[in-house]
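A.B. asks: I would like to see how this sequence folds:
(one chain, ligands or ions: 1)
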Amino acid sequence: MESLPIFMRIKAARCVVIGGGDVATRKVAMLLKANAAVEVISPDLCDALQALALAGTILYTQASFEPSQLPGATIVIAATDDEEVNTAVSDAAKAQNIPVNVVDSPALCTFTMPSIVDRSPVVIAISSNGAAPVLARLMRAKLETMIPASYGRLAYLARDFRDAVKAKFADTQSRRIFWEKTFQGPIPELMFSGQESAAKLALANAIESDDSDAQHGEVYLVGGGPGDPDLLTFRALRLMQQCDVCVYDKLVSKEVMELVRRDAELINVGKARDQHTLPQEEINQLLVKLAKEGKRVLRLKGGDPFIFGRGGEEIETLMENGVPFQVVPGISAANGVSCYAGIPLTHRDYAQSCIFTTGHFKAKEGQPNVVELDWPALVRPNQTVVIYMGLVGLEQICAQLISHGLEAGMPAAVVQQGTTPKQRVVVADLSTLASKVVEAELKPPCLIIVGHVVKLREKLAWFEPSLN
Ligand code: SAH
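C.D. replies: Numbering: from 1, shown residues only. As a prediction, this is how the structure comes out:
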């Protein structure tokens, strides 16, 4: 190692920054985060530092650098754009045995400042020792996406229970085992998903009953978005990569499925129209069963689990059975598909509201299939209507919208497999849409968008799906 990584406590310590510009501002911000008593020495200050000085957050000494300013400093940072001054600061600090950092001049430094991932109290510092700062920064970005934002809260939770764990487990070995199991069980996920009191309770119970050995299953109900894997949330991706088993729908794209942990068992409960592979009630029970076997179960759904996703029914069953779970929203088809089709769902001039509805048939025995919707609500002026699951009933839907008052010339679009390389968009009006869609042989999943905003696609289309 070329340098020794250390973390320095500088709370209330005098830390001197030479320079008053943007670079100095960034260094000052970092020092303030660690609660230092910051003093800035410079003939002039940029606006941001001036504001801090005025507020009394930093001490400002208006002067050029002199070595006599350094005694008593815990660390010194030189952040001027004058090489001579920077060298003088470095020389003076070294002569006085004060740790010094000169921005962008590793040769003049006795310490450097790493890239950090801040999950206080947990902090990760990354340094390339000046060899490739950009690489260190990229590594940092990677870690940022992998480590939940509330990781620090987990550390504080553990701190709050340290004494209780010490009291319960006499030797360090059994304490270590307890913590290892705890951090690999469901408690962290409870914290990360904002269920802090449940996490506390679970930890208290685990200590009390010493049952960290017990099998703890949990369910992650995750929205996989409309298809493009780049539209997943950080949390979705993290949970996808830590599950033991993945229960997924037909709607989840192949590219998204590629990101599920390789070793996870995959269970397809996908629903093709009219051939439910597994009835909903059985899916609900399957989730409970898998979790009770101690597995981390990823329930992966297309789009958002709470929009035409029956996510509510699934978590209801989990709740009834005392299975811990969390729900991760996904980008719903309406959001993702309209965006990639260049059709804003609202627009100052054309639509002040937007309504999502299903166009699914309600099958009635002995009667022809009819789409029963609240038609008067769908034909209100200045509104965009987004219809999920409407491909089969498209002709009927268009006819009903017209007969309930929408003009036959109202712009309307059907988007097939939006956000994916297979996206196709058919734009027409209500009177011609159905026949155009038949002609184009669109395949599900398809989303219907009706409203004046559809016209905007002429100008705003931006996404070019690859044709192969
Ligand atoms: N929970 C999902 C919707 C499930 S219902 C979500 O929030 O998106 C299934 C319907 O969603 C499909 O029939 C289709 O209308 C729509 N849909 C989902 N993904 C789509 C996509 N990539 N392109 C077009 N429509 C899509």
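A.B. asks: From now on I want contacts and neighbour counts done on CA atoms only, so please keep to that.
C.D. replies: Will do.
A.B. asks: any idea how far residue 216 is from residue 183?
C.D. replies: 12 Å (CA to CA, to the nearest Å).
A.B. asks: Looking at these two, which one has more neighbours?
C.D. replies: More crowded of residue 183 and residue 216, by other CA atoms under 10 Å: residue 216, with 19 against 14.
A.B. asks: Could you pick out the residues of the protein near the ligand for me?
C.D. replies: Residues of the chain lying close to the ligand (CA under 6 Å from any ligand atom) are 226-227, 302-305, 307-309, 332-333, 337, 388-389, 415-419, 445-447.
A.B. asks: 8 Å - rerun?
C.D. replies: 223, 225-227, 251, 301-310, 330-334, 336-337, 358, 387-391, 415-420, 423, 444-448 (CA under 8 Å from any ligand atom).
A.B. asks: OK, contacts around the closest residue to residue 265 other than its chain neighbours?
C.D. replies: Closest residue to residue 265 apart from its sequence neighbours, by CA to CA, 6 or more residues apart in numbering: residue 245 at 4.5 Å. By CA atoms under 8 Å, 6 or more residues apart in numbering, the contact list for residue 245 reads 264, 265, 266, 267, 295, 296, 297, 298.
A.B. asks: which among those gets closest to the ligand?
C.D. replies: Proximity of the contacts of residue 245 to the ligand (CA to the nearest ligand atom) peaks at residue 298, which lies at 15.4 Å.
A.B. asks: show me what contacts the closest one?
C.D. replies: 219, 220, 221, 222, 239, 240, 243, 244, 245, 246, 247.
A.B. asks: Name the SS class of it, please.
C.D. replies: When classified by DSSP: H, G, I helix; E, B strand; the rest coil, residue 298 comes out as strand.
A.B. asks: Same check on residue 387?
C.D. replies: Residue 387 falls in the strand class when you classify it by three-state DSSP.
A.B. asks: For the protein, identify the residue most remote from the centre.
C.D. replies: Residue farthest from the centre of the chain, counting by CA atoms, centre = their mean, is residue 68 at 49.4 Å.
A.B. asks: give me the beta-bridge partners of the residue nearest to residue 265?
C.D. replies: With beta bridges defined as DSSP bridges, residue 245 has these partners: residue 265, residue 297.
A.B. asks: Would you mind listing which of the residues of the chain next to the ligand are buried?
C.D. replies: 223, 225-227, 251, 301-308, 330-334, 336-337, 358, 387-391, 415-420, 423, 444-448 (16 or more other CA atoms under 10 Å).
A.B. asks: out of the residues you listed, which are inside strands?
C.D. replies: In strands, judged by DSSP state E, the following of those are found: 223, 301, 358, 387, 388, 415, 416, 446, 447, 448.
A.B. asks: Can I get those residues in TSV including pLDDT?
C.D. replies: Below are these laid out as TSV (pLDDT from 0 to 100):
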residue	pLDDT
223	98
301	97
358	95
387	98
388	97
415	98
416	98
446	98
447	98
448	98
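A.B. asks: hang on, the earlier thing: now, which of the contacts of residue 298 sits nearest residue 126?
C.D. replies: Nearest to residue 126 out of the contacts of residue 298 is residue 239 (CA to CA; 24.8 Å).
A.B. asks: In this structure the closest one contacts residue 220, no?
C.D. replies: Yes: at 7.2 Å, residue 239 and residue 220 qualify as touching, with contact defined as CA atoms under 8 Å.
A.B. asks: Tell me how far the residue nearest to residue 265 lies from residue 226.
C.D. replies: Residue 245 is 21 Å from residue 226, by CA to CA.
A.B. asks: and if you look at residue 311?
C.D. replies: In terms of CA to CA, residue 311 sits 16 Å off from residue 226.
A.B. asks: Show the model's pLDDT score for whichever residue of the stretch 1-150 of the chain sits closest to the ligand.
C.D. replies: Here the stretch 1-150 of the chain gets closest to the ligand at one residue, residue 145, 23.3 Å apart by CA to the nearest ligand atom. For residue 145, the pLDDT comes out at 87.
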